[in-house]
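[1] Need coordinates for the below:
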Amino acid sequence: MSRSIVRINVGGKVYATRLHTIQSIPNTYLANLVEDPNALWDEDGNLFIDRDGILFRYILDFYRYGARSIPRQVEELERLKTEAKFYGLEEMVQAIEEIQRPNFTCITLGYRGTFSSARDGTTDLRFRKLARLLVAGQNQECRRVFGDTLNDTRDPDTGSNYSSRFFLKHTILEQAFDMLYNDGYKLACACASGTNGSACDLKSPFSCTHTCNPHVKSDQMSICWFN
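    Below is the predicted model:
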C-alpha cells in the first residue's frame with residue numbers, strides 16, 4: 001500500500017484517506033498517530049483506534065472540509081462532540097457547541113391565490129393560481145435562507161430587525177418549502193381558507209385568527225416554520 005494512503009480501523013469499520021488529509025490539521029490525535037511507532041495495528045495492517053466507528057466519518061470529513069461538514073441534525077451530536085474532544089479537534093468542538101446553542105428563529109410564509117371554477121359552478125381543485133408568496137421573519141435570516149429568490153425592495157430601512165413585507169420572486173410554494181426544510185427548519189403550524197368545505201376569511205396572510213365567511217372565493221394560507 002502506498003505510504004500516501006492511510007487505512008484506519010475504527011471500532012471495526014475501516015476507513016481510507018490520504019496522509020496529507022490527516023496532516024492538514026497538525027497537533028491532533030490522528031496527525032500524531034500516523035507518526036507514532038507504538039501505534040496499534042490490526043491483523044490486516046490497518047491502524048487501529050478503539051472508538052466509535054460510525055461517528056468517525058464525521059471526524060474524517062472535518063479534516064477534509066472543515067466546519068461546514070458538520071451536519072446540523074445528527075441525533076448523537078453530544079457523542080460526536082465527545083469524539084471530537086478525543087481527537088483533539090477544538091475547532092470542531094466549538095462548531096458543535098455553536099449548533100447546540102439554543103437560537104430559535106421563525107419564518108412565516110403566506111399566500112393568496114384563486115381556484116378556477118367550472119361553468120356549472122363547481123370548483124376545479126386541480127388548478128391553483130398563486131398571486132404572490134409573502135415572507136415574514138427576521139430580516140437577516142430571511143435573506144440567508146432564501147438568498148436571491150427573496151425580494152426585499154418593498155421594505156425600507158426602518159431600523160427593525162423584523163419584517164412582514166418580503167415576498168419571493170417566484171410563486172412555487174414547494175420550492176420555498178424545500179429551501180426551508182433543507183436549512184433545518186420544521187413546520188410548526190398552518191391555517192388556510194378556501195372554497196372547498198367550510199371556508200374562512202383570513203384577516204391577514206400572516207394571521208392565525210380568522211372569521212367565518214361562507215362566500216369566500218379565494219384560497220389563502222399562512223404557514224409557520226421554526227428552526
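[2] got any ranges where the chain has weak pLDDT?
    Within the chain, the stretches with pLDDT under 70 are 1-2, 103, 115-128, 154-159, 194-221.
[3] Grab the most central residue of it for me.
    Centroid-nearest residue in the chain, with C-alpha atoms, centre = their mean: residue 183, separated by 2.1 Å.
[4] separation between residue 225 and residue 186?
    7 Å (C-beta to C-beta, to the nearest Å). Every C-beta, even on glycine, is put in place using the N, C-alpha and C of the backbone.
[5] Give me the more crowded residue out of the two.
    Neighbours of residue 225 and residue 186, each counted by other C-beta atoms under 10 Å, are more numerous for residue 225; the result is 23 against 10.
[6] who touches that one in this structure?
    Residue 225 is in contact with 106-109, 180, 185-188, counting by C-beta atoms under 8 Å, 6 or more residues apart in numbering.
[7] in the sheet, who's paired with it?
    Judged by DSSP bridges, the bridge partners of residue 225 are residue 107, residue 187.
[8] re earlier: which of the contacts of residue 225 lies closest to residue 67?
    Closest approach to residue 67 among the contacts of residue 225 (C-beta to C-beta): residue 185, at 20.4 Å.
[9] hey, where'd the strands end up in this protein?
    Remark: strands assigned in the chain by DSSP state E are 5-10, 13-18, 47-49, 106-117, 123-138, 150-151, 162-168, 186-193, 200-202, 210-212, 218-226.
[10] for the second one, which positions count as buried?
    Meaning strand 13-18. Residues residue 15 are the ones in strand 13-18 that count as buried (16 or more other C-beta atoms under 10 Å).
[11] now do stretch 171-180
    Neighbour count says stretch 171-180 has 171, 173, 176, 179-180 buried, by 16+ other C-beta under 10 Å.
[12] now the residues you listed in a markdown table, with distance to residue 64?
    Output for the buried residues of stretch 171-180, formatted as a markdown table (distance: C-beta to C-beta, whole Å):
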| residue | distance to residue 64 |
| --- | --- |
| 171 | 39 |
| 173 | 36 |
| 176 | 32 |
| 179 | 26 |
| 180 | 28 |
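[13] of those, closest to residue 60?
    Nearest to residue 60 among the buried residues of stretch 171-180, with distances taken as C-beta to C-beta, is residue 179, at 29.0 Å.
[14] contacting residues around the closest one?
    Going by C-beta under 8 Å, 6+ apart, the list of residues near residue 179 reads 145-146, 149.
[15] I'd guessed residue 183 sits against residue 177; true?
    No - Residue 183 lies out of contact with residue 177 (C-beta atoms under 8 Å); the separation is 11.0 Å.
[16] how does the protein divide into domains?
    Per the record, the chain has its domains at 5-100, 106-226, by automatic domain parsing.
[17] What is the end-to-end distance of the shortest one?
    Put plainly, it is domain 5-100. Start-to-end span of domain 5-100 (C-alpha to C-alpha, to the nearest Å) is 34 Å.
[18] same check, this time on stretch 61-77
    15 Å.
[19] Which of the contacts of residue 179 are buried? Put it as a PyMOL command.
    Selecting only the buried entries of the contacts of residue 179 in PyMOL, with 16+ other C-beta under 10 Å as the criterion:
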select buried, resi 145+146
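[20] Please flag which of the contacts of residue 179 sit within helices.
    145-146 (DSSP state H).
[21] Just list the residues touching residue 144, thanks.
    Residue 144 neighbours (C-beta under 8 Å, 6+ apart): none.
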